[in-house]
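**Student:** Here's my sequence, what's the structure:
(4 chains)
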Protein chains: 4
Amino acid sequence: MPGYNHLFIPGPTNIPEEVRMAMNVSMQDMRAPDFPELTKPLFEKLAKLFRNSTGRVFLYPSSGTGAWEAAIQNTLSPGDKVLMSRFGQFSHLWVDMAQRFGLDVDVIDCEWGTGVPVEKYAEKLKADSAHEIKAVFATHNETATGVSSDIKGVRRALDDANHPALLMVDGVSSIGSIEFDQDAWGVDCAVSGSQKGFMLPAGLGILSVSKWALDAHKRAEYSRTFFSFEDMIATNDQGFFPYTPATQLLRGLDVACDMLIDEGLENVWARHNRLATGVRKAVDAWGLSLCAKEPKWHSDTVSAIMVPEDKDARDVISTAYSKYNTSLGTGLSKVMGKVFRIGHLGWLNEGMVTTAVSVAEMSMIENGFDIKAGSGVGAAIEHFTSTTAQSGKAIAAE
Amino acid sequence: MPGYNHLFIPGPTNIPEEVRMAMNVSMQDMRAPDFPELTKPLFEKLAKLFRNSTGRVFLYPSSGTGAWEAAIQNTLSPGDKVLMSRFGQFSHLWVDMAQRFGLDVDVIDCEWGTGVPVEKYAEKLKADSAHEIKAVFATHNETATGVSSDIKGVRRALDDANHPALLMVDGVSSIGSIEFDQDAWGVDCAVSGSQKGFMLPAGLGILSVSKWALDAHKRAEYSRTFFSFEDMIATNDQGFFPYTPATQLLRGLDVACDMLIDEGLENVWARHNRLATGVRKAVDAWGLSLCAKEPKWHSDTVSAIMVPEDKDARDVISTAYSKYNTSLGTGLSKVMGKVFRIGHLGWLNEGMVTTAVSVAEMSMIENGFDIKAGSGVGAAIEHFTSTTAQSGKAIAAE
Amino acid sequence: MPGYNHLFIPGPTNIPEEVRMAMNVSMQDMRAPDFPELTKPLFEKLAKLFRNSTGRVFLYPSSGTGAWEAAIQNTLSPGDKVLMSRFGQFSHLWVDMAQRFGLDVDVIDCEWGTGVPVEKYAEKLKADSAHEIKAVFATHNETATGVSSDIKGVRRALDDANHPALLMVDGVSSIGSIEFDQDAWGVDCAVSGSQKGFMLPAGLGILSVSKWALDAHKRAEYSRTFFSFEDMIATNDQGFFPYTPATQLLRGLDVACDMLIDEGLENVWARHNRLATGVRKAVDAWGLSLCAKEPKWHSDTVSAIMVPEDKDARDVISTAYSKYNTSLGTGLSKVMGKVFRIGHLGWLNEGMVTTAVSVAEMSMIENGFDIKAGSGVGAAIEHFTSTTAQSGKAIAAE
Amino acid sequence: MPGYNHLFIPGPTNIPEEVRMAMNVSMQDMRAPDFPELTKPLFEKLAKLFRNSTGRVFLYPSSGTGAWEAAIQNTLSPGDKVLMSRFGQFSHLWVDMAQRFGLDVDVIDCEWGTGVPVEKYAEKLKADSAHEIKAVFATHNETATGVSSDIKGVRRALDDANHPALLMVDGVSSIGSIEFDQDAWGVDCAVSGSQKGFMLPAGLGILSVSKWALDAHKRAEYSRTFFSFEDMIATNDQGFFPYTPATQLLRGLDVACDMLIDEGLENVWARHNRLATGVRKAVDAWGLSLCAKEPKWHSDTVSAIMVPEDKDARDVISTAYSKYNTSLGTGLSKVMGKVFRIGHLGWLNEGMVTTAVSVAEMSMIENGFDIKAGSGVGAAIEHFTSTTAQSGKAIAAE
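**Tutor:** Got it, this is the predicted structure:
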């Protein structure tokens, strides 16, 4: 079909032209003496973007799932007790992985549409005076439900309990898009991937670890080779990798990091908030609700939009895809058919958001939703035009 | 700035992914024995798209202007009397070229916003019983004002007068997008370029000529080398070119032709009409008018939208560009500041049109236009959703 | 520096233009309903290239090392006894991985420059009447020393002993380049990666498993998530993946598979033999030896060339890189400084081999080697010209 | 066929990776307010590369032939007397163009293999005390025969005669590759194209004119529109173009200019000389001769190599192309079948030259030439290794 494939899933996201150019490369020797001229500054840029001044960043040719696995294998040991919470498909899968790896998982199940239960974590941590809990896991942004959680709050819970457990954060769909501060929040393992806020194709798992995670690594007893910190550290320190790296993606990542740094992280976050708010205004205007139960859970990277009970969200997604070349995110697991998702992260601007909202509107209308043409996109436009000054400044700062 | 540069000028248009891939090539030998395997089928595809079964198509490394010049140099002689009309910047420039080349130009000046004055042409042709007029020029789509003209009517005028003059048509911003039929309309020189309906970067002038134009060529007395038919014919017949061709663009053009043929020309035209109508519904909803005076002049490839007298269209364009990464077409010459243009041709779909309309709406609102947020894009959405069935079929036929 | 970076390391290899075009893509939705139109035929093409008719192929966003790990985790259990041999850096690393994973590894150490000790394997297998050995590992092509081993012989050893152990083969630098036949040779896990014979950037681990490996999987007790067969099978069967796949590489892989199939596997192997023989003729003419001790060990994908005792191979590599934009492979571990390697696999032809040989020759001369200018490349040219007819036919069959 | 298409024709030349990346762009608005940020510095870089400090550079979407035509149309008038010389296919075509345009051409025919007859020019200019000759044309590098001419000598002839005629130079296959100095040599119109030393695809005609050419323009009486200086100047001065420019090529040209400037023009020339000498050493070693009659005519951008009388050069070219994926230049017109050409200009290094020489050698051997395998490439290698120090420095300066 003619025209762009409009991509509004919460990852992979749209690739900047600059990144695409940078990846249009012939191959190079990953053992060449000047290869570190690419990699060493790249590790520094990544540390800057994670705000990680104490530890280091690992790059695996894998996915976010791989980076999850790397975090567990390298910092914990079989049988370790960990505290987790589950409130969407991705937090669910993380729990599943921890269990498969033989961790002793204390799972707190929460309603889908809510996020990390900071108070319950606080209670559990206070109660754990023996410090049996070795790590606390928190999904910063649950991609399935469009819920952001309070990681700073989790750190506070740990500190209030004076608890030494590691803080493991899934930031796959948050880092590089919404506020994240590894140093200030005391995150020990921050997991991400290339295909979300880093605006690249999938293929890199990104894991940023604190010095405390590196200390814990020395005691971690899992078998590991592909994901092992020790092999990575030994070679990364020289600017190389223990096995052939995905050079094409490293080239792209280098440019993507430059773009984020040039825009300024705060400006990137403000832009995501502005665009996400536009989408939420549209949802309100349509008379629909988000899966996220309260404003405090609203994610600035993805909105999961509930359809009325007599509708199937998959029809909206199907119409958008087949008639309008537009990919919306589907509802996963428990919320399948009940929500469709609009990913609004990465290399995105207002014009793209109006497409997302317009196509969603068209698809809903064509599936018999009681929605006035132009209502949602009008609300988004009203938001964008009435708040230009403030956001304009942020963008001007680029 | 992050996100796509939204391009809604009437050329260059957006390049299909497939074309962009095809142009990502290393260089090749344009004298290689297998080079004709690219060029010979390409010439056939082009003839099919122009619906030219009697003559041939020339490809110049140039622009639409170059193809205009090629048409004049190769089929006419200095001092020849020609009939032209002027109702916009591009018809104006064509007249200017004809005058510079020493043609004896009978120009009919028409109000901007109207098109080729078929009746006046008919009168002049009937009156010219001596057949002094050697060629009749008609701008099929005046890109500056968004006006399409009745080329079939011009052919009828020629036939009714039994007049042998050549019919020269500027189809730069029409061919490959809206109905055009060289055989049926008896067009002798159809001028186009790569960067509009052919969905390529600028760089190729495309000239499709009838057998009558090829006959006229034998009598044409202009000096010519770069644009000469004779050199082209001698080499093109073998699948080669008289000088180094722009191979990269030929590769892209080959894929673009395939895409147009696969979609089906009638479907391409129907799609352009559907998208253009969406834009026009938005203009109505905004309470604005098109530069095109009557529906019969409405162009399906570009709309020139008049702003209220107290507004400057350049402000709309400037806001769209600087705040929303969106290129709208400016008003040229007489209509500078009075119109902004939305190009809606080429590799385009509904989602892209909603961006164009939304950004125009945002820019107008931010410049103090009295426009309700969502009104224009809502009207476009209403058009798209209420007519889906019919257009859906056309697109399904791809 | 101007001109191509000539890449003659044994992976990553040079990327075909067609593959590069195919990877120049915008992102797409990996959950779209038409995504399986890409993936399902791709899995079939891969099975064809591995000659695997009984089992299936897994694609991990990882590297060859990742695919090694996937093979172990999914088919074996901690403490399992396995038979391995070590005669180069990559067979060494594989042993190391097996040991880290707690396998009970019976390692046969062989001289570097030799390959899998088939006779010793046969003895051990015959002696193991209790079938304690659960798997036999064999490195088909030891990339560090340029040694190819007799996998068919290993299978024969297993069959002669009527031994049920799994046959695990590292084919990272062989599959897609030299003869490999999973069905005929009874290979249970064939490990490969994207950046060698598959002519792609690094980033995909490719693992082709037999039905016996799939059976063994049911009893395998390692923890696994990222590399787990079960998650892959559940989603791959529908044409999807358990986590975001590296779509860009899948697009490229699809084209690369088509290229290999179109050329014909036997023709691909014949081409590699022809090119490799050219390199070996040059080595002879230089008066140097290969690391591979005997012709039966000669690898058709990489040659490790021994330098005289008073020379350091790293100087040759350094001169080639810094003066001639050419990457040769370095000597790894035990043979560091003693060999330089020429990778001659993947998207390669005679003209490229003459560059490899010429640059090696220039670098050696500039480092004081007693070599006559033109001797090596002349010998290669003599081979290519004197054997054209035969190889020409193979290539003509493309 | 697998592996690079080795391209050793004298244009189009191989495209640098950086340029290829830069051309992998989506389209942009050529009337955008920030478009001049690309074009204005680009015009300055071009002037620097031509060493043109008095006039300006024009960029036409065309070819070298188009730039020839632009030079004639804009600086001369029909019937003007001009002095030309003809000694190869391209100087022949230029004469033909001048004659078609009705210039009064005084042609000096010279033997193919020689160049501009400076002494005869000097005589004619001295004899022309009435200054009837309005322009002197000189082909700096005759691509068909591999002959470079002495442009500085032509300027001296003009100055010695105190003659005001314009100096028109065809530098299509010289500028950006071998010494050229528009200011010092008093060149008034320097014609070039994108696909040679500028390392781009074909598609741009480049014309650099002195202030004297701009003065002459005011008196020039040819009809012109597409190529007119006046329209170009009016818009170029603002950073724009009179019609849609080939933006993709402009992006590429900008990067190519940066590459040439970064390497340093003198280093670029030295590199071309070093590589060309390598080819000439090979020709000597083969016992063959160049078409260029004397060393003073030797071109550093292309060598036309004479085959023995009993051989047909087309067989060499055909074998190279069909068996070895290598494009050599064919003999044009008078020398068809008598010469094959190796283009050695643009983005080129020693490793690429060894391919060119090796493949030529293989093709000659396979066509029964009495040539020892390795003789030519050995001679080239000997040149490269024995002169490294000197050239190395030049390249180190990059």
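
**Student:** Pull the contacting residues for the residue nearest to A:Thr301 when sequence neighbours are not counted.
**Tutor:** Once flanking residues are discounted, A:Thr301 sits nearest to A:Leu345: 3.8 Å by Cβ to Cβ, 6 or more residues apart in numbering or on different chains. The way it works is simple: take the backbone N, C-alpha and C, and place the C-beta from them, glycine included. A:Leu345 makes contacts with A:10-11, A:13, A:173, A:177, A:196-197, A:272, A:300-302, as judged by Cβ atoms under 8 Å, 6 or more residues apart in numbering or on different chains.

**Student:** Which pLDDT does the model give A:Met1?
**Tutor:** As predicted, A:Met1 sits at a pLDDT of 87.

**Student:** The residue lying closest to A:Ser63 once chain neighbours are set aside and A:Gly205: what is the separation?
**Tutor:** Nearest non-adjacent residue to A:Ser63, counting by Cβ to Cβ, 6+ apart: C:Tyr243, 4.7 Å away. Going from C:Tyr243 to A:Gly205 by Cβ to Cβ, to the nearest Å gives 10 Å.

**Student:** With A:Leu250 instead?
**Tutor:** Distance from A:Leu250 to A:Gly205, counting by Cβ to Cβ: 13 Å.

**Student:** higher neighbour count, the two?
**Tutor:** Using other Cβ atoms under 10 Å in any protein chain shown as the criterion, A:Leu250 and A:Gly205 rank with A:Gly205 on top: 29 against 24.

**Student:** Could you grab the helix/strand/coil label for the more buried one?
**Tutor:** What DSSP: H, G, I helix; E, B strand; the rest coil gives for A:Gly205 is strand.

**Student:** Next up, the contacts around it.
**Tutor:** With Cβ under 8 Å, 6+ apart, A:Gly205 has these contacts: A:59-68, A:70, A:191-194.

**Student:** Show me how chain A divides into domains.
**Tutor:** As recorded under automatic domain parsing, the domains making up chain A are A:6-12+A:264-396, A:17-262.

**Student:** So which residues on the stretch 101-250 of chain A come close to chain C?
**Tutor:** Within the stretch 101-250 of chain A, the positions lying close to chain C (Cβ under 8 Å from any Cβ of the partner chain) are A:101-102, A:193, A:195, A:201-203, A:222-226, A:242-249.

**Student:** From the residues you listed, list just the buried residues.
**Tutor:** A:101, A:193, A:195, A:201-203, A:222-226, A:242-249 (16 or more other Cβ atoms under 10 Å in any protein chain shown).

**Student:** ok, now how distant is the closest residue in space to A:Gly102 that isn't next to it in sequence from B:Trp112?
**Tutor:** Of all residues not flanking A:Gly102 in the chain, A:Pro78 sits nearest, at 4.3 Å (Cβ to Cβ, 6+ apart). Per Cβ to Cβ, A:Pro78 is found 80 Å from B:Trp112.

**Student:** does chain B sit close to stretch A:322-329?
**Tutor:** Yes. Against chain B, stretch A:322-329 shows contacts by Cβ under 8 Å from any Cβ at A:323-326.

**Student:** Might you list the low-confidence residue ranges for chain A?
**Tutor:** A:388-398 (pLDDT under 70).

**Student:** Going along the chain, name the strands of the stretch 1-150 of chain A.
**Tutor:** Counting by DSSP state E, counting those that start in this stretch, the stretch 1-150 of chain A has these strands, from start to end: A:6-8, A:56-61, A:81-86, A:104-109, A:133-139, A:141-142, A:147-148.

**Student:** possible to save those as TSV with mean neighbour count and distance to A:Lys338?
**Tutor:** Putting these into TSV (neighbours: other Cβ atoms under 10 Å in any protein chain shown; distance: least, Cβ to Cβ, whole Å) gives the following:
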stretch	mean neighbour count	distance to A:Lys338
strand A:6-8	26	18
strand A:56-61	25	34
strand A:81-86	23	18
strand A:104-109	15	18
strand A:133-139	26	20
strand A:141-142	32	15
strand A:147-148	27	15
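
**Student:** In chain A, which residue is most central in space?
**Tutor:** A:Ser173 (1.2 Å; Cα atoms, centre = their mean).

**Student:** which ones are touching that residue?
**Tutor:** A:10-11, A:141, A:143, A:196-197, A:299, A:301-302, A:345 are the contacts of A:Ser173 under Cβ under 8 Å, 6+ apart.

**Student:** Which of the residues you listed fall within helices?
**Tutor:** Nothing among the contacts of A:Ser173 maps onto helices, per DSSP state H.

**Student:** Tabulate the residues you listed (TSV), appending distance to B:Gln238.
**Tutor:** Converted to TSV, the contacts of A:Ser173 look like this (distance: Cβ to Cβ, whole Å):
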residue	distance to B:Gln238
A:Pro10	54
A:Gly11	51
A:Asn141	62
A:Thr143	58
A:Lys196	53
A:Gly197	54
A:Ser299	62
A:Thr301	57
A:Val302	57
A:Leu345	54
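
**Student:** Just the buried residues out of those, in ChimeraX syntax.
**Tutor:** Selection of buried members from the contacts of A:Ser173 for ChimeraX, criterion 16+ other Cβ under 10 Å:
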select /A:10,11,141,143,196,197,299,301,302,345
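
**Student:** so what's the residue in chain A positioned nearest to chain D closest to, chain neighbours aside?
**Tutor:** For chain A and chain D, the shortest gap (Cβ to the nearest Cβ) falls at A:Met21, measuring 4.5 Å. In space, and not counting its chain neighbours, A:Met21 is closest to D:Met21: 4.5 Å by Cβ to Cβ, 6+ apart.

**Student:** Help me confirm that that neighbour comes into contact with A:Arg20.
**Tutor:** No. In this structure D:Met21 lies outside contact range of A:Arg20 using Cβ atoms under 8 Å: 9.1 Å.

**Student:** ok, the two, which is more surrounded?
**Tutor:** A:Arg20 (26 against 22).
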